[in-house]
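Colleague: From the sequence below, what's the structure:
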Amino acid sequence: MTTTDIPLVFISGGIGITPVLSMLNTVVKEKPDQQVIFIHATANSGTHVFKEHLLEMEKKHHNVKAIVCYSSPTPFDRETRNYDLEGRIDLKWLQTVVPSKKAGFVRRGLERGCRGIRTYLL
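Modeller: Prediction:
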């Protein structure tokens, strides 16, 4: 098994997307076959920084899957359904989108309300 066989799971919240997106940019350049699941949580489209860049990365790179979670979507968000999960990331949901606990996890900006996820990742 090579390192590219083990998926990387980047989980960011709010402005925590900044360093994690930088890591994604590096991974797609240096390991173009590395599977990456990028999960970003924020309140809604009004607080979702770098959304266009993240979605463009998903379009350009077959190995990148972007998942957007809004805790408080706006009426426009709900109408256009421009996110994947409404609510907060929890362990049960995370287990449905991450294929294996053997993935490499990077988490930034999710300090509040994620104790179960933190325990799972350890």
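Colleague: Does Ile67 touch His40 like I think?
Modeller: Yes - assessed by Cβ atoms under 8 Å, Ile67 is found in contact with His40 at 7.3 Å. In short, each C-beta sits where N, CA and C put it, glycine included.
Colleague: Now do the contacts for Arg78.
Modeller: Going by Cβ atoms under 8 Å, 6 or more residues apart in numbering, Arg78 touches Glu86.
Colleague: Among Ile67 and His40, which residue is more densely surrounded?
Modeller: His40 (27 against 20; other Cβ atoms under 10 Å).
Colleague: which non-adjacent residue is nearest the more buried one?
Modeller: With Cβ to Cβ, 6 or more residues apart in numbering as the criterion, His40 has its nearest non-adjacent residue at 5.0 Å, and that residue is Ser12.
Colleague: quick one: Pro99 and Val9 touch, right?
Modeller: No - counting by Cβ under 8 Å, Pro99 sits too far from Val9 to count as a contact (9.3 Å).
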